[in-house]
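Visitor: A predicted structure for the sequence below; I have some questions about it.
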Amino acid sequence: MIIVMKSGSTKKQIEHVAEKIKEYKLIPHISKGKETTIIGVIGDERILQNVPLESLPGVEKVMQILKPYKLASREFKKENSVIDVSGVKVGAKKVVLIAGPCSVESEKQLFQTAKAVKEAGVDMLRGGAFKPRTSPYAFQGMGEDGLKILAAAREKFGLPIVTEVLDTRHVELVNKYADCFQIGARNMQNFELLKEVGKTNKPVLLKRGLMSTINEWLMSAEYILSNGNMNVILCERGIRTFETATRNTLDISAVPMVKTLTHLPVIVDPSHGTGKKHIIDSMSRAAVAAGADGLLIEVHPKPEEALSDGDQSLLPIEYAKLVLSLKKVAKAINRVI
Ligand code: PEP
Ligand code: MN
């Protein structure tokens, strides 16, 4: 951390800041220039994160050097983390494919989808049983009945299942059925929920918040990690910008950026990221080319009858075609699908 003093700050003010730093067992390094004085803080500055140093008399500004997250950082772990979801390795050479409907609607609908995506080469099945809907009047999900259908699909098709947990009150229940928790964009900063899933050892797919910076996203991952669960998979799903032609703006640049900052795997959800089914294929290829460790895509056997996100859901045949084209992109960057 570097503390820049105001020009004309007094000796007493500089000493006061230095004393404050020493109170936290850190070492102040004072460097006096002609006009300003700079105080370097030696030691792990994170301890000062919530200390209002800028309010001390004579202080101009405080600049943090170390990242506010620790366990999630590349500095903490140099090599890529590989997260094992019931045998499927996320973050290894294979780009992991996750697909399924937005919501579980019936056994027939889920089984039909699972069969088709399995044939297309999918690694994991997704489907929401608890749905975070903008409108309270929209379909809210099948709840535990939906979880039971997901578990039956896992048995029948041998695919691990990813499903959203919306509320701390449901963590135990969802934990009973799912292979991987999904924390949705709207809940990325539901810190109590993050702590609860952090206390389990089940993998967590953590979506980026609708309006969250990469830093905030990694701080949310830190909540899970610091509660003891190191099995976090990040998922870029688009952020809200001024653009309205697409549902969200899919931030492909977040993939290589996040990978420089963290050892955690990062996957991309071009379905929610774009909301437009005709551009999901190109954005999927872009995501793989950018180094994504996986793709989460919504597929529905009858999108026009879907109870949620039908407009952005691919038909199984469209998904199968997409997977074929992705194989070529993966090969070009020395990965496999
Ligand atoms: C979903 O995966 O269906 C979903 C609701 O996603 P998000 O939280 O990214 O909006
Ligand atoms: Mn959806």
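Guide: In hand now; what should we look at? Numbers count the residues shown, from 1 in each chain. Ligands and ions are numbered 1, 2, ... in the order given.
Visitor: Around ligand 2, which positions in the stretch 101-250 of the chain sit nearby?
Guide: Residues of the stretch 101-250 of the chain lying close to ligand 2 (Cβ under 5 Å from the ion) are Cys102. The C-beta positions use only the backbone N, C-alpha and C, and glycine is treated the same way.
Visitor: ok and the residue in the stretch 101-250 of the chain nearest ligand 1?
Guide: Closest approach between the stretch 101-250 of the chain and ligand 1, counting by Cβ to the nearest ligand atom: Gly184, at 3.0 Å.
Visitor: how close does that residue sit to Ile47?
Guide: Computed as Cβ to Cβ, to the nearest Å, the Gly184 to Ile47 distance reads 33 Å.
Visitor: Read off the pLDDT value for Leu159.
Guide: If you check Leu159, the pLDDT there is 98.
Visitor: do His272 as well
Guide: 98.
Visitor: And it, which helix or strand is it part of?
Guide: helix 270-274 (DSSP states H and E).
Visitor: And the strands in the stretch 1-150 of the chain?
Guide: Using DSSP state E, counting those that start in this stretch, the strands found in the stretch 1-150 of the chain span residues 2-5, 27-32, 37-42, 59-63, 83-85, 88-90, 96-100, 124-126.
Visitor: Tell me which strands the fourth one pairs with, and in which orientation.
Guide: It refers to strand 59-63. The strands beside strand 59-63 in its sheet (DSSP bridges) come out as strand 2-5 (antiparallel).
Visitor: List the buried residues for the partner strand?
Guide: Within strand 2-5, the residues scored as buried using 16 or more other Cβ atoms under 10 Å are 3-5.
Visitor: Could you do stretch 196-205 as well?
Guide: Going by neighbour count (16+ other Cβ under 10 Å), the buried part of stretch 196-205 is 196-198, 200, 202-205.
Visitor: avg pLDDT for it?
Guide: Per-region confidence: stretch 196-205 scores 98 on mean pLDDT.
Visitor: going forward, begin numbering at 18 instead of 1
Guide: Fine by me, first position is 18 from now on; the one you just mentioned is stretch 213-222.
Visitor: then it to CSV, C-alphas only?
Guide: Extracted C-alpha coordinates of stretch 213-222, given in CSV (Å, rounded to 0.1, in the frame of the first residue of the first chain):
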residue,chain,number,x,y,z
GLU,A,213,-23.5,-21.5,3.3
VAL,A,214,-22.4,-23.1,0.1
GLY,A,215,-18.8,-22.4,1.3
LYS,A,216,-19.4,-24.6,4.3
THR,A,217,-20.2,-27.6,2.0
ASN,A,218,-17.6,-29.3,-0.1
LYS,A,219,-19.7,-29.4,-3.2
PRO,A,220,-18.5,-27.6,-6.4
VAL,A,221,-20.1,-24.2,-6.9
LEU,A,222,-20.6,-22.6,-10.3
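Visitor: Just checking that stretch against ligand 1, any contact.
Guide: No. Using Cβ under 6 Å from any ligand atom, we find that stretch 213-222 stays clear of ligand 1, coming within 9.1 Å at best.
Visitor: Could you do stretch 268-283 as well?
Guide: No. Judged by Cβ under 6 Å from any ligand atom, stretch 268-283 stays clear of ligand 1, getting no closer than 12.7 Å.
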